[in-house]
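A.B. asks: Sharing a model prediction with you, sequence too.
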Number of protein chains: 2
Amino acid sequence: MTVKAYGAHAGDQPLVSLDITRRESGAHDVQIDIAFCGVCHSDLHQVRGEWAGTQYPCVPGHEIVGRVAAIGAHVTKHKVGDLVGVGCMVDSCQHCADCEDGLENYCDGMVGTYNGPTADAPGHTLGGYSEQIVVHERFVLSVSHPEEQLAAVAPLLCAGITTWSPLRHWNAGPGKRVGIVGIGGLGHMGIKLARAMGAHVVAFTTSEAKRADALALGAHEVVVSRDPVAMAEQAKSLDLIVNTVAAPHDLDAFLNLLKRDGTMVLVGAPSSPHPSPQVFNLIMKRRAIAGSMIGGIPETQEMLDFCAEHGIVADIEMIRADEINAAYKRMLKGDVKYRFVIDSATLAA
Amino acid sequence: MTVKAYGAHAGDQPLVSLDITRRESGAHDVQIDIAFCGVCHSDLHQVRGEWAGTQYPCVPGHEIVGRVAAIGAHVTKHKVGDLVGVGCMVDSCQHCADCEDGLENYCDGMVGTYNGPTADAPGHTLGGYSEQIVVHERFVLSVSHPEEQLAAVAPLLCAGITTWSPLRHWNAGPGKRVGIVGIGGLGHMGIKLARAMGAHVVAFTTSEAKRADALALGAHEVVVSRDPVAMAEQAKSLDLIVNTVAAPHDLDAFLNLLKRDGTMVLVGAPSSPHPSPQVFNLIMKRRAIAGSMIGGIPETQEMLDFCAEHGIVADIEMIRADEINAAYKRMLKGDVKYRFVIDSATLAA
């Protein structure tokens, strides 16, 4: 089956319209007509070869929503016509301890939605900047939001789950003070989710200009991290920090804001290391620095259901497929509130 | 009350015999005849002014054991003649959340056994390299080991609790694989304690020469960390690592040995930072780097009782007080198995 897609032939080439093939649906496969696909920073890094190992042609996209077009003979989770989503992975070993715990994201055999190993042509997975995708039912999520919100649901599949998973794992909720560092694609979801979970939310940004937006997103307090007085006022006050900033920065400034036994969870991997954090700041209050990577399938479903129930979607800016190269340029400048989403109907244009 | 002690008048001076004063016992105080005092690396750093803020004269020592000589009118925890111990702290605010949780070690008002603020002359606390000490009963531990083991109990008050606390907090026990990095004063206790808790213990050392000792201390496996093949065999296998090495070193080599959700706890603060750890190694498996500092009073008592029940003491080398400067030199070369302990009877010599 040949479908239209958008991708690049090389790291130094712009994304262009491509024809790609999708496998016939197997017994456990779900064939999805993609309606929208969110644009993640990872898409840009990978398609440009900024991370090791990109294979070309590269079709990015792992914030996929659409409607089920066909199902394999043994599929029980989904039926034709259902609204569904696909996130950052399309397969895993399905039998290791991680998979059995519903944390397929940590499986050594996890297959990314794009640039992952597959028997399908061309030998690596092709992502959601395309008209259709075929995915094992285990990795297809049910979407219960109203259809008119579908485009804004797309970013939940990566930006949403990436912040939801650490918030849940480290018990954000009533009585907890949670910091969200960085108000971008991930951070704006972190603020919305932590607030809806019942936590007291403190948003941290380098930019005074984002204060009003952060409050509107749901933050109880906003701290400009360049302001040492405002930072000092938060010292030893937070139970949890979800730090979404991938650019190298001073972690100690945030570690000092954690209470005893507090954890700062990093969800972005910098291209060059952060300045080495002071061990003393960890030891003094039994603090921790942890990492977290997207989330497992059961928790992704839990997050989608929670968001549908609470009316939570991402703040998005819709683009046509042929605007993707311009959108990447704007994304690099932080000029997006807060996620670009491709209207898949424009792929065929 | 004037007693004999050993300490330094300046950071560049050797330790010498001193006369110091101890306060009269207050209503909640316990006056202790010190029998033995362990020699911790912190003693050396502090007395030499290698950490900020040392006040002189400085009398180090926070691994104190002895016998109760007198008690104040309101003391209920201890009675004259009891075997007791005092560790790294002699006071705290006694009413904050940390103190109420029995984690006085994390109280902002914690008073160190030496070089801490006090109303007593000379205005800062003087430690256990002395004949007697007077301490609030809350900070005096009961020792139930046989008296003939008393000298070897002393290091439990710092080296013991510093490894016990993270082992307990991060749930070392049956079915868990626990790594202990560094086989020195702290590490040799970590091996003994983790083994007695029922964990599978993997000891890491840079020195092949320590293999037999580590096994004798209770390690199930010993890995020479300079051996990349042996290290690779441990990849993703450990639930917890207690890293006792304060010298700057590559944390990633050990982070990679943790399973998903594993934690490496640093109990030593390097004088210059470790090379910055790779965030990717944290994110990939939801790993954490944490810090831990000594332990609270209730858990110190729990540790001492556990050790008495299991016949656990430190491996020590007894010295006279006037051998302390030579002992420091040997300690800096790692030439001690595994803790020097001062015989307090020699202070008066």
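C.D. replies: Looks like it came in fine.

A.B. asks: contacts, neighbours, all on C-alpha from now
C.D. replies: OK.

A.B. asks: Going by the annotation, which residue ranges form each domain of chain A?
C.D. replies: For chain A, automatic domain parsing gives the domain ranges A:2-158+A:295-346, A:160-291.

A.B. asks: Looking at those domains, which is nearest to chain B?
C.D. replies: Distance to chain B, taken as Cα to the nearest Cα, is lowest for domain A:160-291 among these, at 3.8 Å.

A.B. asks: what's the closest of the domains of chain A to residue B:90?
C.D. replies: domain A:160-291 (17.1 Å; Cα to Cα).

A.B. asks: Can you pull the residues of the stretch 51-200 of chain A lying near chain B?
C.D. replies: Contact residues, the stretch 51-200 of chain A versus chain B (Cα under 8 Å from any Cα of the partner chain): residue A:106.

A.B. asks: Which parts of the stretch 51-200 of chain A are helices?
C.D. replies: Secondary structure of the stretch 51-200 of chain A by DSSP state H, counting those that start in this stretch: the helices cover A:97-100, A:150-153, A:159-169, A:185-196.

A.B. asks: and the longest one, which residues are buried?
C.D. replies: Buried positions in helix A:185-196, judged by neighbour count with 16 or more other Cα atoms under 10 Å in any protein chain shown: A:185, A:186, A:187, A:188, A:189, A:190, A:191, A:192, A:193, A:194, A:195, A:196.

A.B. asks: orientation of it relative to helix A:159-169 in degrees?
C.D. replies: Interaxial angle of helix A:185-196 relative to helix A:159-169 (axes from the mean of the first three to the mean of the last three Cα atoms, to 10 degrees): 50 degrees.

A.B. asks: Please pull up the helix or strand immediately following helix A:185-196.
C.D. replies: Using DSSP states H and E, the helix or strand that directly follows helix A:185-196 along the chain is strand A:200-205.

A.B. asks: would you put the C-alpha positions of that next one in CSV?
C.D. replies: Extracted as CSV, the C-alpha positions of strand A:200-205 are listed here (Å, rounded to 0.1, in the frame of the first residue of the first chain):
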residue,chain,number,x,y,z
HIS,A,200,0.4,23.1,43.7
VAL,A,201,2.3,24.0,40.5
VAL,A,202,5.3,26.3,40.3
ALA,A,203,6.4,27.0,36.7
PHE,A,204,10.0,28.1,36.1
THR,A,205,10.9,30.0,33.0
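
A.B. asks: Report all helices and strands that it contacts.
C.D. replies: Under the contact criterion of 3 or more Cα pairs under 8 Å, 6 or more residues apart in numbering or on different chains; DSSP states H and E, strand A:200-205 touches strand A:177-181, helix A:185-196, strand A:221-224.

A.B. asks: Please name the spatially closest residue to residue A:80 (chain neighbours excluded).
C.D. replies: Distances taken as Cα to Cα, 6 or more residues apart in numbering or on different chains put residue A:68 closest to residue A:80, at 4.8 Å, once the chain neighbours are dropped.

A.B. asks: Now for the one you found, how many residues are close by?
C.D. replies: Residues lying near residue A:68 (other Cα atoms under 10 Å in any protein chain shown) number 23.

A.B. asks: and if you look at residue A:211?
C.D. replies: 20.

A.B. asks: swap in the one 5 residues further on?
C.D. replies: Neighbour count for residue A:216, taken as other Cα under 10 Å: 12.

A.B. asks: what's the spacing between it and residue B:180?
C.D. replies: 48 Å (Cα to Cα, to the nearest Å).

A.B. asks: same question, residue A:82
C.D. replies: Distance of residue A:82 to residue B:180, computed by Cα to Cα: 52 Å.

A.B. asks: So for the two, which sits in the more crowded spot?
C.D. replies: Legend: neighbour count by other Cα under 10 Å for residue A:82 and residue B:180, higher for residue B:180 (28 against 15).

A.B. asks: wait, that one sits on residue B:239?
C.D. replies: No: the pair residue B:180 and residue B:239 fails to qualify as a contact (Cα atoms under 8 Å) at a distance of 11.4 Å.

A.B. asks: picking that back up, Throw the helices of the stretch 51-200 of chain A into JSON lines and include mean pLDDT and distance to residue A:334, thanks.
C.D. replies: Formatted as JSON lines, the helices of the stretch 51-200 of chain A follow (pLDDT from 0 to 100; distance: least, Cα to Cα, whole Å):
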{"stretch": "helix A:97-100", "mean pLDDT": "97", "distance to residue A:334": "35"}
{"stretch": "helix A:150-153", "mean pLDDT": "98", "distance to residue A:334": "19"}
{"stretch": "helix A:159-169", "mean pLDDT": "98", "distance to residue A:334": "15"}
{"stretch": "helix A:185-196", "mean pLDDT": "98", "distance to residue A:334": "9"}
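
A.B. asks: need the ones you listed in a markdown table with distance to residue A:61, can you?
C.D. replies: Shown next, in a markdown table, are the helices of the stretch 51-200 of chain A (distance: least, Cα to Cα, whole Å):
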| stretch | distance to residue A:61 |
| --- | --- |
| helix A:97-100 | 23 |
| helix A:150-153 | 14 |
| helix A:159-169 | 12 |
| helix A:185-196 | 14 |
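
A.B. asks: So for residue A:87, which of these sits nearest?
C.D. replies: Residue A:87 lies closest to helix A:159-169 among these, at 8.8 Å (Cα to Cα).

A.B. asks: Just give the number of residues close to residue A:110.
C.D. replies: The number of residues near residue A:110, taken as other Cα under 10 Å, comes to 20.

A.B. asks: Quick check: nearest residue in space to it, chain neighbours excluded?
C.D. replies: residue A:92 (4.0 Å).

A.B. asks: Enumerate every residue touching that neighbour.
C.D. replies: Counting by Cα atoms under 8 Å, 6 or more residues apart in numbering or on different chains, residue A:92 touches A:99, A:104, A:107, A:108, A:109, A:110, A:111.

A.B. asks: what about the closest residue to residue A:75 other than its chain neighbours, how many residues close to it?
C.D. replies: Nearest non-adjacent residue to residue A:75, counting by Cα to Cα, 6+ apart: residue A:28, 5.0 Å away. Residue A:28 is flanked by 16 other residues according to other Cα under 10 Å.

A.B. asks: And for residue A:59?
C.D. replies: 30.

A.B. asks: Please apply the same query to residue A:257.
C.D. replies: 23.

A.B. asks: so what's it scoring on pLDDT?
C.D. replies: Predicted confidence (pLDDT) at residue A:257: the value is 98.

A.B. asks: Might one say that it is in contact with residue A:234?
C.D. replies: Yes: if you go by Cα under 8 Å, residue A:257 and residue A:234 touch, sitting 5.6 Å apart.

A.B. asks: show me where the stretch 1-150 of chain A has strands.
C.D. replies: Secondary structure of the stretch 1-150 of chain A by DSSP state E, counting those that start in this stretch: the strands cover A:2-7, A:16-21, A:29-39, A:64-71, A:83-86, A:89-91, A:111-112, A:132-136, A:141-142.

A.B. asks: Quick one, which of those gets closest to residue B:337.
C.D. replies: Nearest to residue B:337 among the strands of the stretch 1-150 of chain A is strand A:111-112 (49.8 Å), distances taken as Cα to Cα.
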